[in-house]
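Chemist: next comes the sequence, and after it the predicted model I'd like to discuss.
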Amino acid sequence: MNEIRLLNNKKCEDEIISLIEMIYPKIKSREKDTEYRKLAIQKCLRNLNLSVFEHSYATFYLNIPNYIFEQLFINSDLNFSCTVQEITEYKYDIPTKISSNSKHEMLYTGIIKKIEQLKKECNSDNFNYFIPKCIVSNVVVSSCFLNWFKFLRRYHKRTMADDSKIVISTIYEKLHDVCPLFFNEPNFNLRI
């Protein structure tokens, strides 16, 4: 259903640690000492020296329904761009909860047929008012690690729809793979 790809996957913990060492010259670098790196990152978070996390970026390609995009990204600090879809290219994604109930799936397909009819009768400007939120959009979202951290922290342990949880957890897993000492559960609970 959803496609989420990390477009740039540069491992950058070394760069973040070297920036931290510039801020805190008393900290001596220990070669690949995970505990040291974790404490250095947490010290920056606690002391609000957050600028070191603005030098590393992550960019994602998301192919998700509009309702998930609107729920998660519209009011965030992340930069995003959506592809503009031609009227003939709309793809309708039947949500899993609807497809599991035959009555709801029948109602849903009936609505889609009516929308297809409207598409033929309306010009493109007027048709945009009828676009359902289930239409899948291609979105490229890019931001620095600090903004991704704030984004993930905002949705950490928040109650949301299952589809949105899947998107958040997938983004978290991919960022955790790139920089595990920064994007981890204990850091979301720090008071910053």
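Modeler: That came through, no problem.
Chemist: after the least confident helix or strand in the chain by mean pLDDT, next one along is what?
Modeler: Lowest mean confidence among the helices and strands of the chain (mean pLDDT, DSSP states H and E): strand 79-82, at a mean of 67. Downstream of strand 79-82, the next assigned helix or strand under DSSP states H and E is helix 96-99.
Chemist: and the contacts of that following helix?
Modeler: 1, 104, 105, 108, 162, 163 (CB atoms under 8 Å, 6 or more residues apart in numbering). Glycine gets a C-beta too; all of them are placed from N, C-alpha and C.
Chemist: among the residues you listed, which ones are buried?
Modeler: The neighbour count (16 or more other CB atoms under 10 Å) marks 108, 163 as buried among those.
Chemist: in the chain, which spans are helices?
Modeler: 13-23, 34-46, 66-73, 96-99, 102-121, 124-127, 145-155, 162-178, 185-188 (DSSP state H).
Chemist: distance from the chain centre to the fifth one, please.
Modeler: Its chain's average C-alpha position is 30 Å from that of helix 102-121, according to CA atoms, centre = their mean, to the nearest Å.
Chemist: make JSON lines from the contacts of helix 96-99 and add distance to residue 97 and pLDDT to it.
Modeler: Formatted as JSON lines, the contacts of helix 96-99 follow (distance: CB to CB, whole Å; pLDDT from 0 to 100):
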{"residue": "1", "distance to residue 97": "11", "pLDDT": "58"}
{"residue": "104", "distance to residue 97": "8", "pLDDT": "86"}
{"residue": "105", "distance to residue 97": "10", "pLDDT": "85"}
{"residue": "108", "distance to residue 97": "10", "pLDDT": "82"}
{"residue": "162", "distance to residue 97": "8", "pLDDT": "71"}
{"residue": "163", "distance to residue 97": "9", "pLDDT": "71"}
